[in-house]
Each structure stands twice: as structure tokens, then as C-alpha cells.
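Asker: The sequence and its predicted three-dimensional model are supplied below.
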Amino acid sequence: MTAFTNTKTVKTTCPYCGVGCGVLATPRPDGSVDIKGDPEHPANFGRLCSKGSSLGETLSLDDRILHPQIGGKQADWPAALDLVAETFSKAIRDHGPDSVAFYVSGQILTEDYYVANKLMKGFIGSANIDTNSRLCMASSVAGHRRAFGSDTVPGTYEDLESCDLLVLVGSNLAWCHPVLFQRVEAAKAENPHMRVVVVDPRETATCAIADLHLALKPDTDVALFNGLLAFLADTDALDRSYIEMHTNGFEAALAAAGPCEINRIADETGLTPHDLATFYTMVARTPKTVTVYSQGVNQSVNGTDKVNAIINTHLATGRIGCPGMGPFSATGQPNAMGGREVGGLANMLAAHMAIENPDHRAIVQSFWNSPVIAERQGLKAVDMFEAVGDGRIKAIWIMSTNPVDSLPDADGVASALEACPFVVVSDVSHAVDTVAYADVLLPAAAWGEKDGTVTNSERRVSRQTPFQLPPGDARPDWWQICEVARRMGIKHAFDYDGPSAIFREHAGLSGYRNEGARDFDISAYSDLSRSEFDTMQPFQWPQKEGEGRKTTRFFAAGGFYTADRKASFVAVTQTVPAVLGRRYPFVLNTGRIRDQWHTMTRTGKTPRLSSHIAEPFAELHPEDAAATGIAAADLVEVKSPHGSAIVRAQVSERARKGSVFVPMHWTDQFASKGRVDAVVGSEVDPVSGQPGSKFTPVSLQKLSCDWYGFAVLREKPADLQTCYWALAPAHGGWRLELAGKSEDDITGLVQSLIGKDAELLSFEDASLGLQRVAGWVGDTLAGVFFFGPEPVSVSRQWACELLAAPATTREDRLAVLAGRPPADMPDKGAIVCSCFQVGCHEIAAAAEQGATTVKAVGACLKAGTNCGSCRSEIQSILDQSFKETSDEAQIARAG
Ligand SMILES: Nc1nc2c(c(=O)[nH]1)N[C@H]1C(S)=C(S)[C@@H](COP(=O)(O)OP(=O)(O)OC[C@H]3O[C@@H](n4cnc5c(=O)[nH]c(N)nc54)[C@H](O)[C@@H]3O)O[C@H]1N2
Ligand SMILES: Nc1nc2c(c(=O)[nH]1)N[C@H]1C(S)=C(S)[C@@H](COP(=O)(O)OP(=O)(O)OC[C@H]3O[C@@H](n4cnc5c(=O)[nH]c(N)nc54)[C@H](O)[C@@H]3O)O[C@H]1N2
Ligand code: SF4
Ligand SMILES: [Mo]
């Protein structure tokens, strides 16, 4: 960490989710950075979630890539850039423009994205640029374009607050868009009429505010919303004049939806007729309805149809573009929207123009003054890596994404990169699985060093502003691309003096020959000076040159971006979800947890965020657990024809029977075999090309080991060889879960974990078969290791806190070996509130002592009073303890 001389507070934007919260970052003279929510930012009004508020803890340089590398050896920038430019140019000369590819990310800034897309589509002349947004937003993009003629999100965050009915489909808003969730939570507390419905196969933290949870069968959303469309028609809830004036295709969509036969729909969706009728009636009676959708919708082989089935119901009721009404796609990454605006997908052109439209191609080529323009779609992510694997792609540049962990059939992706003649990776961290495949590794500037813009889910463009210099030789992504373009012999088109110049050009293109024909227009910013760029306030598009700020919702009075300006209903039908066979009888569902971001390259660095959930897990239903002989805390192998992962069993009624949920986050950096995408299949939606990451048939099998262990260690362990391990940072050290076979050399393992120089003390609890070994160097605990023939039930939280306590006396040391907290220091249980490190047992105890609300728990324990990300879990613990109390009361009464 470098000391700061300039400690001015900088206004910037959080680099994690698509809520796009404003952040105030203040570097401190000691090298730390103070992080606060920006009270003036219209996305968060000062709030930050657990991830955002921990940003200051992720800035350490220990894993940073500081210099370019060629073939694993340090190189200088000119050598690395020359090699990239020469190799790409040669492949293009020898094999044509389609022999090269860029695979980029919704986590680069708009300016980075703009130049990457310009280079590939306008100067190389291929559309082989795709992005991790293919895994994320592609079905929403395709659904929007089918319905609206453009990729437009019609509404704003305020609509989620001002509606009377919020339907959350395939969205775990509480964990994935926490600040937006908090805004909804506050609005619901204010508005007693507001209702929330959650449509998700499993019971998530978001259900804490749900009036109705529809735990539907996986991938049956089309049947659910087709039924709703038919119900709206049957109950006279349609807006006939909106349908007439502003849409086409209603009758065909209604016919495709079929009759509203509640029993049939109940059968298809696995919901009860009563719940279906309740939901349909709620929607029919509530004009101010907003439907939010996210990955449970997009990441599906019928994701685009799901999007259109939802949009159909809004068009049919004219509930779109008005305050408190509309379909709303919650975008995942901080700049998923910016990437769509610059046309970073292989099937798009810049500024929301269409690659298949010759007029659009002419507009873009003329504006860029470019020698060529890509004439047809390029390879979409899954196809792109297939082409890498079979040799069609000779050179690929991967920027700000970790495909070896995040693409489906991830082992196949790794083999493809292994086989590829030339792989360039731009990243910030060495602790990234994809980095191992780089022929050329380029050090990128990270958050806090980068300069440019991002667009959030409600079309709001905000600045990411640097508050420190990039370390070592790290340089921004836009600079890397422009340098390579120049070295490929392209004159002038990439001569920018900084991000503000790129942003100006991007804004200029959005208005160029637009005349209201295209939704994306920010031409008001096309002559912004550098200093104006630096002080630019967050704004929502459109912002057309010469027009003042207008309302920023779309489509209340039609005006769609189709030839006749009318929206299209899309006739969609429910496809039959994949059949589960005898060998793979469970549906693998994957997604996110509250405190980790994607492949953990940043959030995985902080003990605070790792204290919530420290190990990869499989959440499964008690009946499935019983049927497969798996108990809570067992290790489970989750297997498909593509590959397997080993994770910890979490048995819960919240799971849907027949489904198993595994988080997407764990990589080879943090676990022996936690990469769930090695298991996920690569079937894609035929329209959007987005993989169905929420539905892979799998088998579950208990992994029997001879011993199981848990260790708390001062030093990071290296080269772990046991058949299972999972590592996470703890305050002052590391925590490690282990399991192995009888032939393992435990003595050697203890030495390597705790250190040869430590003074060891050991104890065997014969009654439990539990062994405990601890070691000290001076008064400092070097490590403690608990192991036995069964998964060890030592309190993890208590054990982690031992790292902070000096042990001077023999009693102190024996207390460590006791394996449990002393009676005067009760076990906190698993951490729920990561800000104040409050555990579930503490919350349950507070509930027993009369804290009946989340607020009351906050008043006595502080839990939930800082970032608020844990409030829905606190609510669940309260619900659970009231349920237990009332069950007990009932039993007592019955007795
Ligand atoms: N903490 C955290 N927040 C994040 C991220 C992160 O990594 N960590 N990533 C960000 C990104 S890039 C994204 S894209 C968003 C994703 O945000 P979300 O989409 O909210 O998150 P997921 O957990 O991927 O999936 C949402 C839910 O879809 C459900 N689901 C599965 N199958 C179906 C189905 O067939 N129908 C329905 N209706 N639901 C289904 C899953 O059970 C899951 O609860 O989160 C963003 N925010
Ligand atoms: N099974 C399953 N798989 C999924 C999903 C799922 O729900 N289930 N979700 C999918 C979705 S929605 C998404 S968005 C993807 C996300 O998947 P990825 O994009 O692969 O995940 P990240 O960990 O965010 O990877 C970002 C990488 O960029 C690096 N980085 C950070 N900042 C910068 C920068 O400024 N410049 C450069 N050059 N590098 C930087 C980070 O160190 C990291 O290696 O995963 C997808 N995969
Ligand atoms: S909700 Fe959290 S992760 Fe998302 S932008 Fe805001 S602070 Fe960042
Ligand atoms: Mo995403």
C-alpha cells in the first residue's frame, strides 16, 4: 500500500453491481482509503451494501499484476504491445479477420469498451468481439429488441418504490442488488398497500419481504406469464386502446399463450392453483405493477421467451413507461449497460445500432471514417470458445473477465485456451485462474485508478474517478487497446488524449444522423471539455443535444423503435424443460451469495466479506438429502457429463425438492474443486446465445473421506494436496476446511500448516475422536488444527477470533485446545452481519430476550445498522425463532 499525499475526497462509483451506487473515497495518509456512500448520488442516496462498504479492504497490492509478462517472464510495455499487435496482424493477414477475437466484460468502462469495439468492428473488420454480458444480459437485450425494436429499459428505480405491486422474477434482489432492495424495503414500510411477489424456485433472502413466494419448477416462467396474459384477457384487465394504438401481434401472442386453465398451469409450473389465482388476481387488480427480472429469467435456454412473456403482460395492460409501472431488467455488472450502448456484443453495432441494418452500418462507418465495417454477427461467447478450441481462432484477447471459471463447460474452456496459439489476458490480479493461460499478460489499472464512465440499470451514466495512481506498470484498458491499434498500423483513429476524448466521440456517435430514430442519444455531451468530464454529474439518458432534461421513461405513449413505431407482442410457448434421467436426476441451479463478487478476485481478499459464507456449498432439500444419504456438513460431489465439483452440503427446507443450488464464486484459488461451471452445461438460448446456467441435470453423491479437519492459520498455506480443501481469509490469518484419506501424512501436514518453528501442544478427545494441535511462536498463535473421523463441529467464528488473542499462560493455550468458547463467551454462530461481525446465535438469543423486530435487534446488537445487507437474514432468523416459539406453545397447549 502506498502512502497518499493527496487526501481529497473523490466522488466515484462502486465497481460491483448494476445498481451503480455513488461512492465517496478519501485516501488517508497511512495508505488506507475511507469509503462512504455518496448522499447526493441518485442511485443510493448515501447507502452502500456490504460489498461496497468493504471496498477499502480490497485495494492491497499483494496479488496485483505490476508488469507485463511474455511467456511468464517480465517484459516492458513496448515489447508486449508489439508482440500483441504483430501476432494479431499476422493472423488477420494469414487467416482473415475472423481468425481473431476479443472477449471483454461489463466491468470495463464505457471508454475501454468503445475503443475495443471500434477496433474490432471498424478496423479489423470482424464482429468477433463478445463479452461476459452474453452470460448475463443477452436474453434481456434480445427480448427488448424483439418487443421494442431497441434494447431499451423503459423505467427507473423510482418505479420500484412507487408501484403497488412488485414482482421479482428470478431475482435475488436482497443479495444481488442490495441497495435497490433497501429502497424497496423502505418504500414498502411507507406504503401499506404495496405487495411483493417473488418468483424463484428456491426461497431466497429476498423472500423476507415477499407477500407471496411462487417456488415454481425451474424454467417454467413462460407458462406462468402466458397464463397471466390469458387471465388478464379473461378478466377484462387489458388496455385495449394501448394495444390498438401502440402494438402489433396481440392476438397471436394471446393465442400462443393458450387458455387460462389454472389446473394445467399449476401442473406445468408446480405451483398450487390457489397461489396462481392469488398472483393473477393481484396483477389484474393493480395498475401500478413493476416486474423486475434477472438471471433466473436471462440464464435459460428459453430466456428470451421468458423476457417476452413478461413484457407481453405489460404491453397488454399499457403498464409501461409510467411512474410505478413497467418491465424492468435488473442488470448485473457495473457497466453491463455501457457495454450495450457501445455495441460490445457480437451481434450489435455501436450506439444501439443493428449490425444487420445496412443504414446503421453506413452511419457507423462514416462516423468512424473506417476502412471496413463488420457486416455480420460475430461469434457469441460459447461459440467463440468453441472456435478457440477447434483452431478457428488463432489469437484471443481476454479483458476483465475470468472465463475459465465463469463460462459453462469451464474445463472445456480451459482446454481451448491451452490449445490456442496466442492468448492475451488483461487483468489486475495474479490470483485469477485464467491468467495461467496467458501468453501475454497485461497489467490493467484497477478501480480507484481507472478513469471514465459506467451506466447503471436505470440508464444512469456516472463517473468512475481515480483517487490513486496505478501501481507498477499497470495501465488502463483503453490505453492498451489504442496502443495495439496504433502498432497495427491504424493512424489517427485511436489517438485519444484520455477517456474524456473517447466519451465525447461516443456521445457524438449516439446523436449522429439520429433524428429521434434511435433510443440511445447522449449527444448533449458530445462537446464536453476535459474539465466538464471531470465534474460531470450522474445523468440518465436520453440527453439529446439542444433539448433540456426531459422525463427519462420510455413508451408511455408508444414511440417504439420499430419501423411503424409500434411494439411487437411476441408469441411464445412454454418448452418442455430438459428431462432428468436416472443418472442425473437433479437440477443444478447456480447463482450468487451476498458477500462475494463473481470469481472472488476482489471480495475474496477481505476477511469481513469471507466471514458470511466461507466455503462452497450445495443447498439441497431434506428429502433429497435423505434419498441420497447426504447429511448436513457432508461433502458432496456434484457431477454432470461435463465435470464435477466438491462442495459442502447445506440441507434446507428453503431448497426446492429436486433442485440443488451451488454458488458460482469458488475457483481453484480458494478450493480444491469448487468451480461449479466445470459442471454446468453449455446449452444456449437459440435467440440470445445466452447459456442456461441455472439448469444442468446432475447427480449428487456423498464424498466419504477418512478424516475431516478445520484449521485457523497465521500464514497462507501453500500447495495443499488433500482430497478436499477450502480456504478463506480471516482477520490476522486464514481459515481452512480440509478432508483427506487415511494414507495422508498428517504429521507432515501439521508441520506445513502451522510451521516447523512453532511450539506445539496437542490433545486428543477420545470420546469424540477429535484431535487438536496448536502451535505458537512466542505468544503468537501460529495455527490450530482440529481433525477427526467426522466433519468437525468446532465453532468457526470462535476459532477465527483466536488469531487476535495473545496466549501468554498455559491456561490460555489449553483454552485454545478446548475446541469451544469458554462459558462466559458464548458461541456467536455463523456471521450474519459482516459489518459488526454479529453471529446467528447472538441474534436468536436477542429474539428470545424480546427483540421482536429487525430494528430491535439493531438497537441491542448493532446488527443491520450499517450497510443493512443482512437485514433480510435477521428477519428470517426472527421468523424462525417465532415459529419455534409458537410451535412450542402449540405443543404445550396440545399437551
Ligand atoms: N452479491 C453479489 N451481487 C451481485 C453479483 C455477485 O456476484 N455477488 N453479481 C452481479 C451480476 S453480474 C448479476 S448478473 C446479478 C445477478 O442477480 P440475480 O439474478 O438476482 O442473482 P442469481 O443468484 O444469479 O439468480 C437469481 C435467482 O434466479 C433463480 N432461478 C433459478 N432458476 C430459475 C427459474 O427457472 N425461474 C426463476 N424465476 N428463477 C430462477 C435462482 O434460484 C436465484 O435465486 O447480480 C449482481 N450482483
Ligand atoms: N454457473 C454460473 N456461471 C455464471 C453465472 C451464474 O449465475 N452461474 N453468472 C454469469 C454472469 S451473469 C456473469 S456477469 C459472469 C461474471 O464472470 P467473470 O466476468 O468471469 O467474473 P469476475 O470475477 O468479475 O471477473 C472479472 C475479472 O476482471 C479482473 N478485473 C477487475 N477489474 C479490472 C479492470 O479494470 N481491468 C481488467 N482488465 N481486469 C479487471 C478481475 O480480477 C477478474 O479476474 O459469470 C457468469 N457465469
Ligand atoms: S448495491 Fe452494493 S455492490 Fe451494488 S453498486 Fe451499490 S454498493 Fe456496490
Ligand atoms: Mo452478470
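Answerer: Nice, thanks for sending it over. Ligands and ions are numbered 1, 2, ... in the order given.
Asker: and residue 871, how far is that from residue 186?
Answerer: Using C-beta to C-beta, to the nearest Å, residue 871 is found at 11 Å from residue 186. Any C-beta I mention is one placed from the backbone N, CA and C, and that applies to glycine too.
Asker: Taking the stretch 51-200 of the chain, what residue is nearest to ligand 2?
Answerer: Per C-beta to the nearest ligand atom, the residue of the stretch 51-200 of the chain with the smallest distance to ligand 2 is residue 136, at 3.3 Å.
Asker: Show the contacting residues for that residue.
Answerer: Under the criterion of C-beta atoms under 8 Å, 6 or more residues apart in numbering, the neighbours of residue 136 are 106, 295, 298, 299, 331, 332, 333, 336, 690.
Asker: doesn't residue 693 make contact with the fourth one?
Answerer: Yes: taking C-beta atoms under 8 Å as the contact criterion, residue 299 and residue 693 are neighbours in contact, 4.2 Å apart.
Asker: any common contacting residues for these two?
Answerer: When contacts are counted by C-beta under 8 Å, 6+ apart, residue 299 and residue 693 are jointly contacted by residue 135.
Asker: before we move on, the earlier item: who's more crowded, residue 871 and residue 186?
Answerer: Using other C-beta atoms under 10 Å as the criterion, residue 871 and residue 186 rank with residue 871 on top: 26 against 13.
Asker: which residues sit in contact with that one?
Answerer: Residue 871 makes contact with 182, 185, 208, 854, 864 under the criterion C-beta under 8 Å, 6+ apart.
Asker: count of neighbours near the fourth one?
Answerer: Just to be clear, that refers to residue 854. 23.
Asker: residues contacting it?
Answerer: Residue 854 is in contact with 864, 871, 874, 875, 878, counting by C-beta under 8 Å, 6+ apart.
Asker: So which of the residues you listed are in helices?
Answerer: Mapping these onto helices (DSSP state H) picks out 871, 874, 875, 878.
Asker: Whichever of these end up buried, select them in ChimeraX.
Answerer: Here is the ChimeraX command that selects the buried residues among the ones in helices among the contacts of residue 854 (16 or more other C-beta atoms under 10 Å):
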select :871,874,875,878
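Asker: How much space separates the closest residue to residue 124 other than its chain neighbours from residue 382?
Answerer: Counting by C-beta to C-beta, 6 or more residues apart in numbering, residue 124 lies nearest to residue 97, which is 5.0 Å off, once chain neighbours are set aside. Distance, residue 97 to residue 382, by C-beta to C-beta: 21 Å.
Asker: quick one: residue 583 and residue 700, what's the gap?
Answerer: 12 Å.
Asker: who's more crowded, these two?
Answerer: residue 700 (22 against 11).
Asker: Wait, the more buried one touches residue 630, no?
Answerer: Yes: using C-beta under 8 Å, residue 700 is in contact with residue 630, at 6.5 Å.
Asker: can you list residues touching both of these two?
Answerer: 620, 624, 636.
Asker: Make a markdown table from those and add secondary structure and neighbour count to it.
Answerer: Below are those laid out as a markdown table (DSSP: H, G, I helix; E, B strand; the rest coil; neighbours: other C-beta atoms under 10 Å):
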| residue | secondary structure | neighbour count |
| --- | --- | --- |
| 620 | strand | 28 |
| 624 | helix | 19 |
| 636 | strand | 23 |
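Asker: Of the residues you listed, which is the nearest to residue 732?
Answerer: residue 636 (30.9 Å; C-beta to C-beta).
Asker: State the distance from the closest one to residue 702.
Answerer: 6 Å.
Asker: what residues are shared contacts of these two?
Answerer: With C-beta under 8 Å, 6+ apart as the test, residue 636 and residue 702 both reach 630, 649.
Asker: that older thread, near the residue nearest to residue 124, how many other residues are there?
Answerer: A count of nearby residues for residue 97, using other C-beta under 10 Å, gives 20.
Asker: Need the three-state assignment for residue 268.
Answerer: The three-state label given to residue 268 by DSSP: H, G, I helix; E, B strand; the rest coil is helix.
Asker: Flag every residue of the stretch 651-800 of the chain that's near ligand 2.
Answerer: For the stretch 651-800 of the chain, the residues in contact with ligand 2 (C-beta under 6 Å from any ligand atom) are 664, 676, 677, 680, 693.
Asker: With secondary structure, distance to residue 360 and neighbour count as extra columns, can I get these in JSON lines?
Answerer: Shown next, in JSON lines, are these (DSSP: H, G, I helix; E, B strand; the rest coil; distance: C-beta to C-beta, whole Å; neighbours: other C-beta atoms under 10 Å):
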{"residue": "664", "secondary structure": "coil", "distance to residue 360": "35", "neighbour count": "24"}
{"residue": "676", "secondary structure": "helix", "distance to residue 360": "39", "neighbour count": "31"}
{"residue": "677", "secondary structure": "helix", "distance to residue 360": "34", "neighbour count": "31"}
{"residue": "680", "secondary structure": "coil", "distance to residue 360": "35", "neighbour count": "29"}
{"residue": "693", "secondary structure": "coil", "distance to residue 360": "31", "neighbour count": "28"}
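Asker: ok, of the residues you listed, which one's closest to residue 439?
Answerer: The closest of those to residue 439 turns out to be residue 677 (C-beta to C-beta; 22.9 Å).
Asker: Per-residue pLDDT of residue 232, please?
Answerer: Residue 232 is assigned a predicted lDDT (pLDDT) of 98.
Asker: Within the helices and strands, which one has it?
Answerer: Residue 232 is located in helix 221-234, with elements delineated by DSSP states H and E.
Asker: got the contact list for the residue in the stretch 751-895 of the chain positioned nearest to ligand 4?
Answerer: Per C-beta to the ion, residue 869 is where the stretch 751-895 of the chain lies closest to ligand 4, at 18.4 Å. Neighbour list for residue 869: 49, 50, 51, 174, 175, 178, 594, 595, 834 [criterion: C-beta under 8 Å, 6+ apart].
Asker: Mind doing that once more with 6 Å?
Answerer: Contacts for residue 869 (C-beta atoms under 6 Å, 6 or more residues apart in numbering) come out as 49, 50, 178, 594.
Asker: Confirm that residue 802 sits in a helix.
Answerer: Yes: looking at residue 802 with three-state DSSP, it is inside a helix.
Asker: OK, contacts around it?
Answerer: 781, 816.
Asker: Give me the below-cutoff pLDDT ranges for the chain.
Answerer: Within the chain, the stretches with pLDDT under 70 are 1-5, 823, 885-895.
Asker: Any residues of it in contact with ligand 4? List them.
Answerer: Proximity of the chain to ligand 4 is confined to 136, 332 under the rule C-beta under 5 Å from the ion.
Asker: try 6 Å this time
Answerer: Residues of the chain lying close to ligand 4 (C-beta under 6 Å from the ion) are 136, 332, 333.
Asker: which of those residues are close to ligand 1?
Answerer: Among the residues of the chain next to ligand 4, the ones lying near ligand 1 by C-beta under 6 Å from any ligand atom are 136, 332, 333.
Asker: What about the last one, how many residues nearby?
Answerer: So the one you mean is residue 333. Close neighbours of residue 333, defined as other C-beta under 10 Å, add up to 27.
Asker: Tell me the spacing between residue 592 and ligand 3.
Answerer: Per C-beta to the nearest ligand atom, to the nearest Å, residue 592 is found 11 Å from ligand 3.
Asker: now swap in residue 219 and tell me
Answerer: In this view, residue 219 and ligand 3 are 27 Å apart by C-beta to the nearest ligand atom.
Asker: cool, and residue 538?
Answerer: Distance from residue 538 to ligand 3, counting by C-beta to the nearest ligand atom: 13 Å.
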